[in-house]
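Visitor: structural data only, the sequence is not supplied:
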């Protein structure tokens with residue numbers, strides 16, 4: 001089976017969806033991203049990435065109930081799919097394999 005490549009930001013957003021375990025929507029995913037990585041991005045960037053991940057089959061979404069705090073609007077809740085989970089595990093395994101190949105002195109301070 002060919003590996004599916006995720007961009008770094010797509011992988012990070014997919015991890016946030018997994019961390020939130022079905023409780024993630026655009027705002028909470030953006031907040032989790034900032035909390036866990038210190039990275040601040042616009043809601044639109046996160047939303048577009050979520051839509052792209054859904055189109056690729058890595059996540060699925062459904063509309064939650066309407067809330068007064070959102071002016072009666074419904075939240076689009078995201079959940080990782082089995083395909084998304086498998087892809088994240090493959091990415092993790094690849095990274096671990098590559099880190100094991102780095103010679104002990106290759107990352108010393110000062111370098112070239």
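Guide: Structure's in. What do you need? Bear in mind that the values here come from a model prediction, so they are computed numbers and not experimental data.
Visitor: all helices of this structure, in order?
Guide: 8-20, 26-37, 43-55, 82-101 (DSSP state H).
Visitor: want to try TSV for these, with distance to residue 75, mean neighbour count and mean pLDDT as columns?
Guide: Backbone N, C-alpha and C define where each C-beta goes, glycine included. What follows is these, written out as TSV (distance: least, C-beta to C-beta, whole Å; neighbours: other C-beta atoms under 10 Å; pLDDT from 0 to 100):
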stretch	distance to residue 75	mean neighbour count	mean pLDDT
helix 8-20	12	19	96
helix 26-37	8	16	94
helix 43-55	12	16	95
helix 82-101	20	13	95
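Visitor: redo those helices as a markdown table? Include distance to residue 64.
Guide: Shown next, in a markdown table, are the helices of the chain (distance: least, C-beta to C-beta, whole Å):
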| stretch | distance to residue 64 |
| --- | --- |
| helix 8-20 | 13 |
| helix 26-37 | 11 |
| helix 43-55 | 14 |
| helix 82-101 | 19 |
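Visitor: which one of those helices lies closest to residue 62?
Guide: With C-beta to C-beta as the measure, helix 43-55 is the member of the helices of the chain nearest residue 62 (10.8 Å).
Visitor: which residues does that closest one contact?
Guide: 9-10, 13-14, 17, 26-27, 29-30, 33, 59-61, 78, 84 (C-beta atoms under 8 Å, 6 or more residues apart in numbering).
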